[in-house]
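Trainee: sequence first, predicted model second:
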Number of protein chains: 2
Amino acid sequence: MKLAVIGLGLIGGSMAKDLRKAGFANEIIGVDVSPENAEEALHLGIIDRIETLEYAVSEADMVIIAIPVDKVLNSLTKVLDLVSDQTTVIDVGSTKKLISNAVENHSKRRNYIPAHPMSGTENSGPSAAMEGLFEGKINIICDQEKCGPQHLAFAEKMFQVLGMDIAYMTADDQDHSTAFISHLPHAAAFALANAVLDKEDREIIFDLASGGFNSTVRLAKSSPEMWGPIFQQNKEYVVESLEVYIKHLKAFRKSIESDPEEMMSLMKNANRIRGILAGQNDSLVKNAKTIVKLYTK
Amino acid sequence: MKLAVIGLGLIGGSMAKDLRKAGFANEIIGVDVSPENAEEALHLGIIDRIETLEYAVSEADMVIIAIPVDKVLNSLTKVLDLVSDQTTVIDVGSTKKLISNAVENHSKRRNYIPAHPMSGTENSGPSAAMEGLFEGKINIICDQEKCGPQHLAFAEKMFQVLGMDIAYMTADDQDHSTAFISHLPHAAAFALANAVLDKEDREIIFDLASGGFNSTVRLAKSSPEMWGPIFQQNKEYVVESLEVYIKHLKAFRKSIESDPEEMMSLMKNANRIRGILAGQNDSLVKNAKTIVKLYTK
């Protein structure tokens, strides 16, 4: 199987590594706007050769688009224009509504699978790519009824090869849930880093930062070039999530100021997240079938 | 050396483990209000025997108080009343001003070292205790000029045995910096967990939570019994830190809504945290001498 990967960063590079290792792809063609990134990916053995987008997609069986979401918006129509009827096209960005709406009426809409593998790190570029990044994680596929069955099956197979379970939902539901579960934590981390940088000098941060601080601001190291377009494309839900969050922060601040009993009960409520996240290890629920049941509308 | 540890949870238990392993303490007496915790610590080999507080502190060379900060406030005077002139008393809670003020005029004030080892996890109890928890981390000692030199030296030696560097500052500075670097991230995590629990059902959180979400809400699993008293004792600075944070969140939300250029520049500013935290690994700066220079007033 000939795979074209557009965007050779953390996500595209990690997918390429696993798909080659599993023997799912036996030829991997790389496309990147940055010649340095492309060379690095070639040098690291992530791809077999570098091609232009036009050439790469015209001969591929599967095209994975793993670039910032504003760039997906520009490239997806072009890719669908160029591919054969047999080629499956998957974009793996964090926002789905605007992008899938943009190709709603494209003659090759059924070749396109809007997906969102829920995995990542705060690092970027080909050198950040790693094996096993997606193992045991969830991939979201949106509006599957709009996808051609053979393309859907091929994409599902690919995500299963990566070790992922699949959740099916509408693009709108995905953008809403992802706003709260992924985009909000990133926005919160950026603002937390700015708040601490505002008040404390760098030597104190440097010396005193403990495990708790490090894990909470880890996401503040993330790439603005990747996250800016996500916040813009999902503006409505991200702003909603920030409003809900600010409401809860204010309630917590108020309870510290004047209602210790309420403060304790807010913390106890937050503690429920432990049980919910611990459930993630429950293998009984972690299979595509159950998740299909939960989300298919 | 005979060590009494009051409070056999994560911090007290982990200190006991390392101090025994290093041969710094050859007899460790445990005190805990919970008979179950005390039994568990004995069973785990963390302590040699269980005693009442009165008996334990009267015969110890060093007393470490590792209990919630509201309980420290109640116990410290009692401990200082009971110890000999030669006994060094250290409390390792996260807030220092209220506690050290409470014993300001005690006849054994010079036996007492107000300390704050900056390390922890979201888990609690004797079973959460682990070796090496403090290695390479910073311990804060407050108002060292109020400590007797022999007691200060004994405490410094103990923290160095744990592998910690030492930062010296006033109790007021420690409470302010710790509000931003430790208490704020915890408050932010509690509120983030509540915001997500408010908007998303548990199946969606459970399925979609990715590494970013997990690391950001990890602290929301922390014990309310430990954190409630910290937020109360450091109310003024924690509320200030929450106000600064909410201000930055609102600025970020506004930039997403209407000023993408400002949004990019806020994220780039937040990215500076990467370089600052990376500096933590710079061994040249990680020695007590340098830190003394930075903080001694």
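Mentor: In hand now; what should we look at?
Trainee: report how many residues lie close to the closest residue to chain B within the stretch 1-150 of chain A.
Mentor: Taking Cβ to the nearest Cβ, chain B has its nearest neighbour within the stretch 1-150 of chain A at A:M118, 4.2 Å off. Where C-beta positions appear, they are placed from N, C-alpha and C, glycine not excepted. For A:M118, the tally of surrounding residues (other Cβ atoms under 10 Å in any protein chain shown) stands at 24.
Trainee: quick one: contacts for it?
Mentor: A:K137, A:I138, A:N139, A:I140, A:T178, A:I181, A:S182, B:L208, B:A209, B:S210 (Cβ atoms under 8 Å, 6 or more residues apart in numbering or on different chains).
Trainee: for A:P224, same thing?
Mentor: B:M264, B:M267, B:K268, B:N271.
Trainee: if we use 10 Å, what do you get?
Mentor: A:F190, A:F231, B:M263, B:M264, B:S265, B:L266, B:M267, B:K268, B:N269, B:A270, B:N271 (Cβ atoms under 10 Å, 6 or more residues apart in numbering or on different chains).
Trainee: what's the spacing between the residue in chain A sticking out farthest from the centre and A:E59?
Mentor: Farthest-out residue of chain A from its mean C-alpha position, per Cα atoms, centre = their mean: A:S258, at 40.2 Å. Per Cβ to Cβ, to the nearest Å, A:S258 is found 67 Å from A:E59.
Trainee: got it, and A:E122?
Mentor: According to Cβ to Cβ, A:E122 stands 35 Å off from A:E59.
Trainee: returning to what we had before: could the contacts of A:P224 be laid out in TSV, adding secondary structure?
Mentor: Conversion of those to TSV gives the following (DSSP: H, G, I helix; E, B strand; the rest coil):
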residue	secondary structure
A:F190	helix
A:F231	helix
B:M263	helix
B:M264	helix
B:S265	helix
B:L266	helix
B:M267	helix
B:K268	helix
B:N269	helix
B:A270	helix
B:N271	helix
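Trainee: give me the buried subset of those residues.
Mentor: A:F190, A:F231, B:M263, B:M264, B:L266, B:M267, B:N269, B:A270, B:N271 (16 or more other Cβ atoms under 10 Å in any protein chain shown).
Trainee: wait, the fifth one sits on A:N194?
Mentor: Put plainly, it is B:L266. Yes: the pair B:L266 and A:N194 passes the contact test of Cβ atoms under 10 Å, sitting 6.3 Å apart.
Trainee: can you classify A:I141 as helix, strand or coil?
Mentor: A:I141 is classified as strand under three-state DSSP.
Trainee: same deal with the one 10 residues further on?
Mentor: Using three-state DSSP, the three-state assignment for A:H151 comes out as helix.
Trainee: spatially nearest residue to it (excluding sequence neighbours)?
Mentor: Closest residue to A:H151 apart from its sequence neighbours, by Cβ to Cβ, 6 or more residues apart in numbering or on different chains: A:T88 at 4.3 Å.
Trainee: below-threshold pLDDT in the stretch 101-250 of chain A: ranges please.
Mentor: Low-confidence regions of the stretch 101-250 of chain A, defined by pLDDT under 70, span residues A:210-211.
Trainee: gap between the two ends of stretch A:94-112?
Mentor: End-to-end distance of stretch A:94-112 (Cα to Cα, to the nearest Å): 16 Å.
Trainee: tell me the buried residues in that stretch?
Mentor: A:94-100, A:103, A:108-112.
Trainee: need those in TSV (columns: distance to chain B and secondary structure).
Mentor: What follows is the buried residues of stretch A:94-112, written out as TSV (distance: Cβ to the nearest Cβ, whole Å; DSSP: H, G, I helix; E, B strand; the rest coil):
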residue	distance to chain B	secondary structure
A:S94	10	coil
A:T95	13	coil
A:K96	13	coil
A:K97	16	helix
A:L98	15	helix
A:I99	18	helix
A:S100	18	helix
A:V103	24	coil
A:K108	29	coil
A:R109	25	helix
A:R110	26	helix
A:N111	26	helix
A:Y112	22	strand
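Trainee: identify, from those residues, the entry nearest to A:E236.
Mentor: A:K97 (9.4 Å; Cβ to Cβ).
Trainee: my guess is A:F231 meets A:A191, correct?
Mentor: No: the criterion here is Cβ under 10 Å, and A:F231 misses it with A:A191 at 12.0 Å.
Trainee: overlap in contacts, those two.
Mentor: A:L242, B:F252, B:R253, B:M267.
Trainee: could the residues you listed go into JSON lines alongside secondary structure?
Mentor: Formatted as JSON lines, those follow (three-state DSSP):
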{"residue": "A:L242", "secondary structure": "helix"}
{"residue": "B:F252", "secondary structure": "helix"}
{"residue": "B:R253", "secondary structure": "helix"}
{"residue": "B:M267", "secondary structure": "helix"}
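Trainee: report the buried members of these.
Mentor: Buried among these by 16+ other Cβ under 10 Å: A:L242, B:F252, B:R253, B:M267.
Trainee: the third one and A:V238 touch, don't they?
Mentor: Yes: taking Cβ under 10 Å as the definition, B:R253 is a contact partner of A:V238 at 8.2 Å.
Trainee: shared neighbours of these two, which are they?
Mentor: If you check B:R253 and A:V238 against Cβ under 10 Å, 6+ apart, the residues they both contact are A:A187, A:F231.
Trainee: related to what we said a few turns ago, so which of the shared contacts of A:F231 and A:A191 is the closest to A:G163?
Mentor: B:M267 (31.0 Å).
Trainee: within the helices and strands, which one has A:E257?
Mentor: Using DSSP states H and E, A:E257 falls within helix A:235-258.
Trainee: out of everything not next to it in sequence, what's closest to A:S94?
Mentor: A:I230 (4.9 Å).
Trainee: quick one on the thing from earlier: between the buried ones among the contacts of A:P224, which is nearest A:V161?
Mentor: Checking these one by one against A:V161 (Cβ to Cβ), the nearest turns out to be A:F231, at 31.2 Å.
Trainee: any idea how far A:W227 lies from A:K221?
Mentor: In this view, A:W227 and A:K221 are 11 Å apart by Cβ to Cβ.
Trainee: residues shared between the contacts of the two?
Mentor: A:F190.
Trainee: burial of A:A66, as a residue count?
Mentor: With other Cβ under 10 Å as criterion, A:A66 counts 24.
Trainee: mind checking the backbone torsions on it?
Mentor: phi -130, psi 70 (degrees, to the nearest 10).
Trainee: nearest residue to it in space, please, no chain neighbours.
Mentor: Excluding its sequence neighbours, the residue lying closest to A:A66 (Cβ to Cβ, 6+ apart) is A:G12, at 3.3 Å.
Trainee: try A:T178
Mentor: Closest to A:T178 by Cβ to Cβ, 6+ apart is A:S94, at 6.1 Å.
Trainee: hey, where'd the strands end up in chain A?
Mentor: A:2-6, A:27-31, A:49-50, A:62-65, A:88-91, A:112-117, A:138-142, A:165-169 (DSSP state E).
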